[in-house]
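J.: sequence-free structure coming up:
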């Protein structure tokens with residue numbers, strides 16, 4: 001397969017190339033505003049709007065950041081993630097009860113709901129302003145950003161169907177919601193919501209089940225960097241063990257090393273080429 005030189009603005013369905021470019025868009029969310037605007041223009045997007053909210057203690061995050069970028073045929077909304085250590089400590093805290101989900105459906109992690117709520121009106125306003133040509137809409141994000149992308153997509157689907165996304169692609173996303181909301185997402189985004197997990201990435205394993213769960217459509221990257229559309233539980237456990245022993249000097253760091261967005265981008269690029 002030949003590596004495409006840029007985003008396919010007319011994409012309407014799943015492809016490995018589209019997953020790669022949305023991973024790149026997720027990584028771009030970590031950059032400063034000027035870098036985001038420069039890269040978006042290079043990818044053929046004429047409009048960019050930044051979304052940011054600052055938090056005050058004791059909320060465990062400093063801020064929520066995202067950007068919306070639009071062309072005549074496509075709109076991408078990418079949410080920024082956070083450092084693995086920070087989100088790990090946050091998700092290990094089980095003292096905060098879940099919060100009612102979008103449209104009153106199911107329950108979600110309280111911190112995710114608060115983080116999304118802080119920028120959701122800005123995101124919705126940008127979508128309403130930029131969607132003038134029936135452009136496709138894509139939500140994406142890495143780590144915490146993946147959780148926010150799922151919730152934003154679910155919220156539009158359940159509360160604003162006219163702005164429903166064409167797809168949601170996440171990378172290293174934590175468990176975000178209960179089984180009821182996950183079922184609604186599986187139904188509403190069948191063949192349109194994809195969750196990429198890189199081998200021993202620790203973040204998708206939190207917060208604990210059974211209170212929180214994942215949506216169905218897993219795309220698993222094994223210890224050799226190969227992408228699988230399905231991975232039986234036994235096979236996944238065996239492969240994760242291989243990943244842990246790949247670095248004899250630092251096996252405990254594998255879960256954090258596998259989490260970085262660059263690891264996802266490189267793996268997807270390897271599968272493309």
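T.: Structure received. Quick caveat: nothing in here was measured; it's all calculated off a predicted structure.

J.: remind me what the top helix by length along the chain packs against, helices and strands.
T.: Looking across the chain with DSSP state H, the single longest helix is helix 144-159. With contacts defined as 3 or more CB pairs under 8 Å, 6 or more residues apart in numbering; DSSP states H and E, the packing partners of helix 144-159 are strand 63-70, strand 74-79, helix 110-117, helix 120-130, strand 136-142, strand 167-171, helix 179-188, strand 193-198. (Glycine included, C-beta is placed from N, CA and C.)

J.: list the contacts of the shortest one.
T.: Contacts of strand 167-171 from elsewhere in the structure, counted by CB atoms under 8 Å, 6 or more residues apart in numbering, are 13-14, 18-19, 22-23, 26, 136, 138-143, 145-147, 149-150, 153, 189, 192-196, 198, 261, 264.

J.: buried subset of the residues you listed as a ChimeraX selection?
T.: Buried residues within those, by 16 or more other CB atoms under 10 Å, are selected in ChimeraX with:
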select :14,18,19,22,23,26,136,138,139,140,141,142,143,145,146,147,149,150,153,189,192,193,194,195,196,198,261,264
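
J.: what kind of secondary structure is residue 162 in?
T.: Put simply, residue 162 is helix when judged by DSSP: H, G, I helix; E, B strand; the rest coil.

J.: what's around it, how many residues?
T.: Applying other CB atoms under 10 Å, we find 8 residues neighbouring residue 162.

J.: pLDDT value on it, please?
T.: On pLDDT, residue 162 comes in at 85.

J.: just residue 179 next, same as before
T.: Looking at residue 179, the pLDDT reads 96.

J.: quick check: closest non-adjacent residue to it.
T.: Spatial nearest neighbour of residue 179, excluding adjacent residues (CB to CB, 6 or more residues apart in numbering): residue 213 at 5.3 Å.

J.: report the angle between the longest helix of the chain and strand 136-142.
T.: Per axes from the mean of the first three to the mean of the last three CA atoms, to 10 degrees, the angle that helix 144-159 makes with strand 136-142 is 140 degrees.

J.: quick one: helix 144-159 to chain centroid distance?
T.: How far helix 144-159 lies from its chain's middle: 9 Å, per CA atoms, centre = their mean, to the nearest Å.

J.: low-scoring stretches of the stretch 151-273 of the chain, by residue?
T.: Applying pLDDT under 70 to the stretch 151-273 of the chain flags residues 231-254.

J.: repeat the analysis, applying 80 as the threshold.
T.: The stretch 151-273 of the chain contains residues with pLDDT under 80 at 230-255.

J.: right, I'll leave it there.
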